[in-house]
Structures are given as C-alpha cells and as structure tokens.
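S.K.: below is the structure, and that's it, no one-letter string:
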C-alpha cells in the first residue's frame, strides 16, 4: 500500500469488532490464527462477531484529500468514526499528529473535536429553529467564543461557501444543496485542521451534487485542509481524491492515486468499480511517459505530467515523434510518444 511521508493521521493495526466481549474474542482469534488477520476475521464471523474494520494500517498526509470508498457494509463509515473516536476501536492505534487518541481522555477528545476536527455527515442535522448564521456559529458558542467574534467568523465562512445574503434564513427556506452548504460552513467555523466528510453529497440530485463537488474543490484549493472523504461513487472519488482507499469486508484492499486505481486495479473487486469509467479522462500522462529523457524534436504541444490522456492525445493528434512532458513548474521531466497515448487508451486493461 502506498504511504505518505508527512502524516497527520496514522492508523496502525486497527480493528473494530462488534459483539459482546469483542476485545477478548479478537485477542483469542488472533492468537489462534497466529496473527493472520483473514483467518482471525473468519473465526470471529463463525462465532457471530462482526469485524467491521479489519487490521487497517494506513496514513493520511498533511493537506491531502483522501477518499475512502467501497460498497455498502464495507466498513468505510466505521473506519472514519474510529479515526475521530466517535466510535472507540476494539484494538489498534490512531495517531493524530503523533498523539495516540485511542488512549486519550474524554476531555481530551472533546478538545480535539472542538479545535482540530471538523465533521460533515450525509444527514447534517441543522437546528430548524436557528437561522443560517446561528447554525454556523453554534460550534463557536459551545467553544465559548464571544457573540461578536462568533458572528463575525460565521459570516466569514457563510460567504466562503457561497451563501452570503442567506444569513437570516431558516433551514426550511433553503434547498437541499444550500442546507448542505450550511452543514459544511458549520464544520468549518472552528477552522479545523482535519475534516471528516461521510457521503456529504449523496442525498442530493446529480446536478447539485456535481456543482457542490466543483465548489468543494475550489474550497479545498483555498483552505488546504486534511480531508478524509467517504463516498460510494467512483466518479466522485476520481474527481476529488489525491488518493483513494478501496474497502471490502472491513479491509483496505488497495490504496492509490486515481490513476493507480483506474489503470492498475489489484483485483476484480477494484476493477469492477471503474468498469464504466472513461479511463482517458482520469489516467495521466505521467503513467505512460518516459522519465528524464528530453526529445530532440522541436514539436512541443504543451503536455504536462498531470494532463489526462484524452487531453494529451487531442494535442498530439497530428504528431508522430516523441514530445516533451513538463512538470508543474514548467521543467521538462520526460517525453512521450503520441502512439503510446493512443495505445494506452486502447489497452485491454483500460
């Protein structure tokens, strides 16, 4: 599994098992299986336990938009609730900036949620008797921030999510997309370093969902938060993610960039997610270029490492010789043959 160098969240051998005396049952199962997690999970299921999260080890980098996806019941929401310790894990470690929150006191967890973590869920639970501004300011009120300061901060984030002018409206007067924006603004009011979002757009119609995805990416470009985002929609994951973790039966079966997931699925389960994806819209030039080689041709169609294969091929449609590929700073870092772009799009794996 791909890991990151500068981590803000690290999970180590994390298990969440549901059932009476689950910790004892898990210890026994791991002992009987000699530490084999798959065998231990089978033993637990045979005894009526539910290993919802199974031996997860992973890291999330500072400023990374990390998407967790999988089918219903795969364990993705349970994993995120363990990360935030809304749900105490059965065993394993969860490090937030190096602090093991598994052993943190209740008081410390409350402090972390008030100051460091923001959370947005599919059902965002706005207070119907409060205005938009009052809803957004509520976490600051709980935190003990004074009235003038919290109203100022609430107004700031309301503008940030595009709801300026609706401060005095009530939730019943808003559309579904607007209510979700209020939920996002409320979670941002305390300026968290880490943002957990559990299928925040799944209850919205497709058009509003796409619009909010676009707005979300603009917001992240401005704020640069560390985000753990849950979805069951592969297109949403590919659009938003820096990296994607695919879960099945409580396990993470693959972690990779969107290009990794699309071009190099580890098994049929992962491959099934991207069967209907337009691969050329997600695979990047970096996946087919030859690194470090500067072609002698004068032809330069302006390809970059992060450009999609579709876009790159369109620029090279009348070219035949290798062309340069540049990084985000404009430096040439390799080259690619136009024929290789076409071959990649026609490959059986695509």
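M.R.: Now that the structure is in, tell me what you want to look at. These figures come from a predicted structure and were not determined experimentally.

S.K.: what ranges do the helices span in the protein?
M.R.: Chain-ordered helices for the chain, with DSSP state H as the definition, fall at 22-32, 37-46, 76-83, 106-115, 132-143, 147-160, 176-188, 206-223, 234-240, 258-263, 268-273, 309-315, 338-346.

S.K.: ok now the fourth one, how far from the chain's centre?
M.R.: Taking Cα atoms, centre = their mean, to the nearest Å, the mean C-alpha location of helix 106-115 is offset from the chain mean by 23 Å.

S.K.: which parts of stretch 97-107 are buried?
M.R.: 101-102, 104 (16 or more other Cβ atoms under 10 Å). Placement of C-beta: from N, CA and C, glycine included.

S.K.: what distance do you get for residue 104 to residue 204?
M.R.: 34 Å (Cβ to Cβ, to the nearest Å).

S.K.: residue 296 too?
M.R.: According to Cβ to Cβ, residue 296 stands 52 Å off from residue 204.

S.K.: so between these two, which is more surrounded?
M.R.: Comparing residue 296 with residue 204 by other Cβ atoms under 10 Å, the one with more neighbours is residue 204, at 19 against 7.

S.K.: where are the low-confidence patches of the stretch 251-350 of the chain?
M.R.: Residue ranges of the stretch 251-350 of the chain with pLDDT under 70: 293, 297, 346-350.

S.K.: residue 95: which of the helices of the chain is closest?
M.R.: Each of the helices of the chain was checked against residue 95 via Cβ to Cβ, and the shortest separation belongs to helix 76-83, namely 10.1 Å.

S.K.: same for the closest one, what does it pack against?
M.R.: Counting contacts by 3 or more Cβ pairs under 8 Å, 6 or more residues apart in numbering; DSSP states H and E, the secondary-structure elements packed against helix 76-83 are strand 7-18, strand 50-61, strand 65-70, strand 194-198, strand 226-231.

S.K.: next, the angle from the last one to strand 194-198.
M.R.: Just to be clear, that refers to strand 226-231. Using axes from the mean of the first three to the mean of the last three Cα atoms, to 10 degrees, the direction of strand 226-231 lies 0 degrees away from that of strand 194-198.

S.K.: in strand 226-231, what counts as buried?
M.R.: When neighbours are counted by 16+ other Cβ under 10 Å, the buried residues of strand 226-231 are found to be 226-231.

S.K.: other SSEs contacting that strand?
M.R.: Counting contacts by 3+ Cβ pairs under 8 Å, 6+ apart, strand 226-231 is packed against strand 7-18, strand 50-61, strand 65-70, helix 76-83, strand 194-198, helix 234-240.

S.K.: make CSV from the ones you listed and add mean neighbour count to it.
M.R.: As requested, the helices and strands packed on strand 226-231 are arranged in CSV below (neighbours: other Cβ atoms under 10 Å):
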stretch, mean neighbour count
strand 7-18, 20
strand 50-61, 22
strand 65-70, 24
helix 76-83, 23
strand 194-198, 22
helix 234-240, 21
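
S.K.: what are the structural domain limits within the chain?
M.R.: Per the record's domain assignment (automatic domain parsing), the chain is made up of the domains 61-116+192-277, 280-346.

S.K.: middle-most residue in the protein, spatially?
M.R.: The C-alpha lying nearest the average C-alpha coordinate of the chain belongs to residue 67 (Cα atoms, centre = their mean; 2.2 Å).

S.K.: so that residue makes contact with residue 229?
M.R.: Yes - at 4.9 Å, residue 67 counts as touching residue 229 under the criterion of Cβ atoms under 8 Å.

S.K.: joint contacts of the two?
M.R.: Residues touching both residue 67 and residue 229 (Cβ atoms under 8 Å, 6 or more residues apart in numbering) are 240-241.

S.K.: before we move on, back to that, ranking the domains of the chain by burial, who's on top?
M.R.: Mean neighbour count, computed with mean count of other Cβ atoms under 10 Å, is highest for domain 61-116+192-277 among those, reaching a mean of 18.

S.K.: and it, how far apart are its ends?
M.R.: From its first residue to its last, domain 61-116+192-277 covers 27 Å (Cα to Cα, to the nearest Å).

S.K.: list the contacts of residue 33.
M.R.: When contacts are counted by Cβ under 8 Å, 6+ apart, residue 33 touches 39-40, 43.

S.K.: most neighbours, which of those?
M.R.: Within the contacts of residue 33, residue 40 tops the neighbour count with 25 neighbours, counted by other Cβ under 10 Å.

S.K.: wait, isn't it in contact with residue 29?
M.R.: Yes - at 4.0 Å, residue 40 and residue 29 qualify as touching, with contact defined as Cβ under 8 Å.

S.K.: quick revisit: and the buried residues of stretch 97-107 as JSON lines, adding pLDDT and distance to residue 160?
M.R.: Formatted as JSON lines, the entries for those read as follows, by pLDDT from 0 to 100; distance: Cβ to Cβ, whole Å:
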{"residue": "101", "pLDDT": "95", "distance to residue 160": "28"}
{"residue": "102", "pLDDT": "94", "distance to residue 160": "33"}
{"residue": "104", "pLDDT": "93", "distance to residue 160": "30"}
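
S.K.: okay then, goodbye and thanks.
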